[in-house]
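S.K.: Dropping the sequence and predicted coords here.
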Amino acid sequence: MAQIDVADETWIAAPPHRVAARVADPDCWPHWWPTLELTVDEFRGAEGVRWFVTGRATGSMEVWLEPDLDGVRVHYFLRLDALPGRRLSPRRAQRAVLAYRRRAKRVFWALKDEFERADQPDVTPRR
């Protein structure tokens, strides 16, 4: 069983292919996940990306994209184990889970804001 196990989801009102292109962009990953060393396990096209995680912890991460109504549901999974000899106490593991969950929310809410703002029609205020 993973010491750190995070699952979350966010709905974005944007075409799934646009969100998939951003999730697949490796230039975004270091900004989104600065504490994780990611290696692609599988590019899944319109369905997202799976990564191996190495570095201070090992495990896997996935962003799975599911078309939903007129947008996309972004599912996020992170499963990590500390390296041998670095087992986390239950309290530290819980703090890490909360920190990764908050980080994921910041990342996906920022994407949500960006895509949904971009999809708004250009409205000129009346005088």
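M.R.: Structure's in. What do you need? Numbering: from 1, shown residues only.

S.K.: quick one: average pLDDT of the longest helix along the chain?
M.R.: Across the chain, the helix with the greatest residue count (assigned by DSSP state H) is helix 90-118. Across helix 90-118, pLDDT averages out at 91.

S.K.: Which parts of this protein are strands?
M.R.: Using DSSP state E, the strands of the chain run over 4-12, 37-43, 48-54, 57-68, 71-82.

S.K.: Please work out which of the ones you listed is packed deepest.
M.R.: Ranked by mean neighbour count, the strands of the chain are led by strand 71-82 with a mean of 20 (mean count of other C-beta atoms under 10 Å). (C-beta placed from N, C-alpha, C; glycine too.)

S.K.: before we move on, back to that, how about the strands of the chain in TSV, adding distance to residue 111 and mean pLDDT?
M.R.: Shown next, in TSV, are these (distance: least, C-beta to C-beta, whole Å; pLDDT from 0 to 100):
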stretch	distance to residue 111	mean pLDDT
strand 4-12	6	94
strand 37-43	17	95
strand 48-54	13	96
strand 57-68	10	95
strand 71-82	8	93
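
S.K.: how about a markdown table for these, with distance to residue 107 added?
M.R.: Formatted as a markdown table, the strands of the chain follow (distance: least, C-beta to C-beta, whole Å):
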| stretch | distance to residue 107 |
| --- | --- |
| strand 4-12 | 9 |
| strand 37-43 | 13 |
| strand 48-54 | 13 |
| strand 57-68 | 9 |
| strand 71-82 | 8 |
